[in-house]
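*Asks:* Kindly return the folded structure for what I paste below:
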Amino acid sequence: MSTRDYTKFCGYECGYKYRREEYFKKYPEKIWYREEQKCLLCNKNYIPAQRNQLYCSVDCRKIAQEKKPKQTLYYKLRFEILERDHFTCQYCGASPRKNPEVKLHIDHKNPKNNGGGYKKNNLITACEYCNLGKWCRFYPNIFKNDFPKDE
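*Replies:* Residues are numbered from 1 along each chain as shown. So this is what the prediction gives:
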């Protein structure tokens with residue numbers, strides 16, 4: 001639809017409704033049917049206004065965001081883990097001292113999506129190759145060192 005076609009509508013809203021109908025005629029698989037869902041916070045039934053809406057109201061969403069812990073790996077903690085592991089990959093032993101092209105990452109032994117957090121005993125130094133190859137899997141028996149638990 002060109003800009004000249006807008007003149008046949010009484011206003012923006014009428015033109016928007018027409019273009020929306022034409023779009024869904026052209027792409028019927030993109031139609032989103034609103035079904036009743038349960039709010040993740042209060043378990044109240046609601047019909048979402050948006051496709052990815054998880055909470056029944058703005059208030060529930062704000063409360064849920066406040067409850068969610070901010071887990072950011074700070075630079076200080078990152079350096080402590082690298083220092084503890086002597087700047088070497090704990091999976092394969094690669095180190096920037098031996099090969100300057102090695103990039104070190106901080107890896108979660110037990111992945112975050114599996115309940116692993118940002119405690120020192122769950123974090124380990126890994127080279128980029130080992131960390132990205134491991135993805136979100138948990139390998140309990142392949143670590144070279146067992147580190148003391150946090151107190």
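*Asks:* what about residue 60, is that helix, strand or coil?
*Replies:* Assigned with DSSP: H, G, I helix; E, B strand; the rest coil, residue 60 falls in the helix class.
*Asks:* okay but it is in contact with residue 41, surely?
*Replies:* Yes: proximity of residue 60 to residue 41 meets the contact threshold set by Cβ atoms under 8 Å, at 4.4 Å. All C-beta atoms are positioned from the backbone trio N, CA, C, and that covers glycine.
*Asks:* Measure how buried residue 127 is and give me the count.
*Replies:* 24 (other Cβ atoms under 10 Å).
*Asks:* And it, its phi and psi?
*Replies:* phi -70, psi 160 (degrees, to the nearest 10).
*Asks:* So it sits against residue 87, correct?
*Replies:* No: assessed by Cβ under 8 Å, residue 127 is found out of contact with residue 87, at 10.6 Å.
*Asks:* what touches both of the two?
*Replies:* Taking Cβ atoms under 8 Å, 6 or more residues apart in numbering as the criterion, residue 127 and residue 87 both touch residue 104.
*Asks:* Identify the residue nearest the geometric centre of the chain.
*Replies:* With distances taken as Cα atoms, centre = their mean, the chain has residue 113 as the residue nearest its mean C-alpha position (9.4 Å).
*Asks:* What separation is there between that one and residue 99?
*Replies:* From residue 113 across to residue 99, the span is 31 Å (Cβ to Cβ, to the nearest Å).
*Asks:* what stretches of the chain score poorly on pLDDT?
*Replies:* Across the chain, the ranges flagged by pLDDT under 70 are 1-7, 29-34, 68-73, 135-151.
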